[in-house]
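# Sequence and predicted structure, then a few things I'm wondering about:
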Amino acid sequence: MKFLILLLFPIFSFGQSQLDTVSILNGKVKILAPKELTSMTEEMWKAKYQTRPRPTMVLSNEDGEVNLIADLTQQPVTENQIAAFKDFQIQQLKAKRPDLNLLSQGVKTINGKQVGFFKFVTQAVDQKVFNYYFFSIADGKVLLFTFNCIEKLQKKWEATADSIVTSLTIKK
């Protein structure tokens, strides 16, 4: 029996990435992020997102196939407005992206804070992309996170993305 457990251990440990704590907004926000994601280069940012302003945090694997982005918006919001903000974001994305395939959505309490989220798949230029948007409130404004990866990596990364979301802590 011990041999079987030792034989299967590498299979179980392969699915989840190793996570490290990352702090943003002067240590006010902490989140776990996969060790293999590092700060995206300016060149890769410009290639992927053209002229969009660079957010607070942009992490990516070396191929740019897996990304974790965070940015504090200027959008004021209260805890009671998180669900409405989520619904509005989905509506806006659907209007811009008719190819959007919504997988799940909701609002949950994580470490004492309301966190809205939705998972969806969209078509990129050459392949489909799995997206996981989640957001909460920091300093009275929307703190928006985006995790995405190419769809063929979704099975490998979705559980890790769930772990990232549930690790979110925001100091008051």
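Happy to help now that I have it.

# residue boundaries of the strands in this structure?
19-24, 29-34, 38-39, 57-60, 66-76, 101-110, 113-123, 128-138, 141-150, 169-170 (DSSP state E).

# what lines up beside the fifth one in the sheet?
Right, the one you point to is strand 66-76. strand 57-60 (antiparallel), strand 141-150 (antiparallel) (DSSP bridges).

# Tell me the buried residues in stretch 99-106?
Within stretch 99-106, the residues scored as buried using 16 or more other C-beta atoms under 10 Å are Leu100, Gln105. From N, CA and C alone the C-beta is placed, and that goes for glycine too.

# How about stretch 73-90?
Buried residues in stretch 73-90, counted by 16+ other C-beta under 10 Å: Val77, Gln81, Ile82, Phe85, Lys86, Gln89, Ile90.

# got a list of contacts for stretch 50-62?
The contact list for stretch 50-62 (C-beta atoms under 8 Å, 6 or more residues apart in numbering) reads 22, 24-25, 33-34, 36-40, 42, 44-45, 66-72.

# out of those, which are buried?
Buried among those (16+ other C-beta under 10 Å): 22, 24-25, 33-34, 37, 40, 44-45, 66-72.

# List just the nearest of those residues to Phe145.
For these, the closest approach to Phe145 (C-beta to C-beta) belongs to Ala70, at 4.9 Å.

# Quick one, grab the pLDDT at the closest one.
Ala70 carries a pLDDT value of 96.

# what's the answer for Thr169, then?
Thr169 is assigned a predicted lDDT (pLDDT) of 97.

# pretty sure it contacts Lys28?
No: when contacts are counted by C-beta atoms under 8 Å, Thr169 is not listed as touching Lys28 (9.4 Å).

# ok, the nearest residue to Lys48 once chain neighbours are set aside - how many residues close by?
Leaving aside its sequence neighbours, Lys48 sits nearest to Gly64 (C-beta to C-beta, 6 or more residues apart in numbering; 6.2 Å). Counted with other C-beta atoms under 10 Å, the neighbours of Gly64 add up to 14.
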